[in-house]
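*Asks:* Next come a sequence and a model predicted from it.
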Amino acid sequence: AVLAAVTRTGDRLRLPTGGVVPGEGYGANVAWTPETGLFALAAAASGDLTAAKGWLDWLIANRSSLGSFPEKVDTDGDQAGVAPLGWTSALVVLALTADQTVLPAPPA
């Protein structure tokens, strides 16, 4: 049920260009890379490598000219937030790692 809910949420938040907005009713036509990275990680960690690849492909295609992940991407594929985000990069690394091995759970 959780995996189905995550998939439905991703479908509802996804923009036609491929990334996601940070919440329902957000009102902006700008995709946020950290939120998109979370869906990539969720898909990879649950074993849905096809979905993970789709999220990761969008992220990789929308990197800056220097290869960093911008905060936001507009409908033209241009950076809408100029700050490169380390947490988007971390989510991508975790999603790629989850494809190879089970990620450990944080300690209680």
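*Replies:* Received, thanks.
*Asks:* Determine the set of other helices and strands touching the longest strand anywhere in the chain.
*Replies:* The longest strand of the chain (DSSP state E) is strand 79-84. Judged by 3 or more C-beta pairs under 8 Å, 6 or more residues apart in numbering; DSSP states H and E, strand 79-84 is in contact with strand 70-73. (Each C-beta comes from the backbone N, C-alpha and C, glycine too.)
*Asks:* send the alpha carbons of the strand it packs on over as CSV?
*Replies:* C-alpha atoms of strand 70-73 as CSV (Å, rounded to 0.1, in the frame of the first residue of the first chain):
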residue,chain,number,x,y,z
PRO,A,70,20.1,23.1,-9.8
GLU,A,71,17.5,23.7,-7.2
LYS,A,72,14.7,24.1,-9.7
VAL,A,73,14.1,23.6,-13.5
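*Asks:* Contacts for it, please.
*Replies:* 17, 19, 30-34, 62-64, 79-85, 88 (C-beta atoms under 8 Å, 6 or more residues apart in numbering).
*Asks:* For ChimeraX, write the select line for the buried members of those residues.
*Replies:* Burial among the contacts of strand 70-73 is assessed by 16 or more other C-beta atoms under 10 Å; the matching ChimeraX selection reads:
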select :19,30,31,32,33,34,62,63,79,80,84,85,88
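*Asks:* Could you export the longest strand of the chain as PDB, CA atoms only?
*Replies:* Provided in PDB are the C-alpha atoms of strand 79-84 (Å, rounded to 0.1, in the frame of the first residue of the first chain):
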ATOM      1  CA  GLN A  79      17.600  26.500 -14.200                       C
ATOM      2  CA  ALA A  80      14.900  28.300 -12.200                       C
ATOM      3  CA  GLY A  81      16.900  28.300  -9.000                       C
ATOM      4  CA  VAL A  82      20.600  28.900  -9.500                       C
ATOM      5  CA  ALA A  83      21.900  27.300  -6.300                       C
ATOM      6  CA  PRO A  84      23.400  23.900  -6.800                       C
END
